[in-house]
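Asks: Sequence and predicted model, in that order:
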Amino acid sequence: MKPYVILSAAMTLDGKIATKTGSSEISGEKDLERVHKLRSDMDAIMVGIGTVLVDDPRLTVHKVPAKKEDNPIRVIVDSKARTPLNSRILNADAKTIIAVGNNADPFKINNLSDKVDVLVTNGEKGEVNLMELMDYLKNIGVNSLMLEGGATLNFSMFNEGLIDEIRVCVAPMIAGGKFAKTLVDGEGFDKMNDAVKLSFKESYILDGDLVLIYLVKNFF
Ligand SMILES: NC(=O)C1=CN([C@@H]2O[C@H](COP(=O)(O)OP(=O)(O)OC[C@H]3O[C@@H](n4cnc5c(N)ncnc54)[C@H](OP(=O)(O)O)[C@@H]3O)[C@@H](O)[C@H]2O)C=CC1
Ligand SMILES: Nc1nc(O)c(N)c(N[C@@H]2O[C@H](COP(=O)(O)O)[C@@H](O)[C@H]2O)n1
């Protein structure tokens, strides 16, 4: 069992979601309003620890008028419980769940547990078991989940067949750089035959940003 998962991201025309230094202000204001309306419609929003460490995101609805109850549950994929204790995702603006692996330091888990919910999962190599996490979320009533990156988590989620839809903003910019993160990094697939197949749904322009919506076709 799993929630319906929408991958949401902004990238430059050359597919980068951040520069090599981690700078990632890509969407224009209108596009950010679109993203935040989507956040308010979703039950939960998920990012990887890489994104938390670089961006210190809030993951709340703050670009359009909203009440505290409009904020989705925040879910962090953090196998070693590295989330800094002063991170903004630990504040009281919304419920937060940190998913860790079974080798995470119990002391770090305890510190995080004082502030938010911590879920210990059983990934084979100590990573967060994403299937187990999806099952847990669905069981607590999360029917829709917005995946907001980053590049490494996006690949794992595709690799495990957990993404249903993609909504991406393509901004009229080129960032370049072989060390800049792209929409999907991770290990990548070996053969193009294994690539995730998509079906085009919709596109439109928001103040120069191109919004593309695709459905994922090949569930296995
Ligand atoms: N433009 C945009 O729309 C967005 C841009 N970004 C940018 O992306 C960058 C961060 O991306 P990235 O560095 O790839 O980090 P991610 O946010 O993708 O986090 C990846 C980390 O999550 C942890 N993790 C635990 N279990 C898993 C698992 N099963 N699969 C995958 N990861 C797992 C790993 O760390 P560990 O082993 O320590 O647990 C891994 O290194 C930042 O620069 C950020 O600004 C991010 C989101 C959106
Ligand atoms: N849609 C979108 N456009 C961009 O240009 C972005 N840089 C991002 N980044 C994602 O949003 C998070 C920040 O959220 P808060 O404003 O702090 O709530 C960031 O961590 C990325 O996940 N998204």
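Replies: Thanks, I have it. Ligands and ions are numbered 1, 2, ... in the order given.

Asks: Quick test: name the residue nearest the centre of this protein.
Replies: E148 (2.6 Å; CA atoms, centre = their mean).

Asks: If you count contacts, what does the helix ranked longest in the chain end up packed against?
Replies: Longest among the helix segments of the chain by residue count, using DSSP state H, is helix 29-41. Applying 3 or more CB pairs under 8 Å, 6 or more residues apart in numbering; DSSP states H and E, we find helix 29-41 packed against strand 4-12, strand 144-147, strand 165-171, strand 198-206, strand 209-216. In this view, the C-beta of every residue, glycine as well, is placed from N, C-alpha and C.

Asks: ok, and which of these has the densest surroundings?
Replies: Scoring these by mean neighbour count under mean count of other CB atoms under 10 Å gives strand 144-147 as the most buried, with a mean of 24.

Asks: For ligand 1, tell me whether the helix or strand that it is followed by is touching it.
Replies: Once strand 144-147 ends, the next helix or strand along the chain (criterion: DSSP states H and E) is helix 151-159. Yes. Contact between helix 151-159 and ligand 1 is present through A151, T152, L153, S156 (criterion: CB under 6 Å from any ligand atom).

Asks: wait, what's in contact with the last one?
Replies: S156 makes contact with L130, G186 under the criterion CB atoms under 8 Å, 6 or more residues apart in numbering.

Asks: How far off centre is the longest helix of the chain?
Replies: 15 Å (CA atoms, centre = their mean, to the nearest Å).

Asks: Tell me the most packed of the residues of helix 151-159 next to ligand 1, by neighbour count.
Replies: Neighbour counts for the residues of helix 151-159 next to ligand 1, by other CB atoms under 10 Å, peak at L153, which reaches 25 neighbours.

Asks: Help me confirm that it comes into contact with I76.
Replies: No. Here L153 does not reach I76: they are 10.0 Å apart, not a contact under CB atoms under 8 Å.

Asks: Many thanks, we can stop here.
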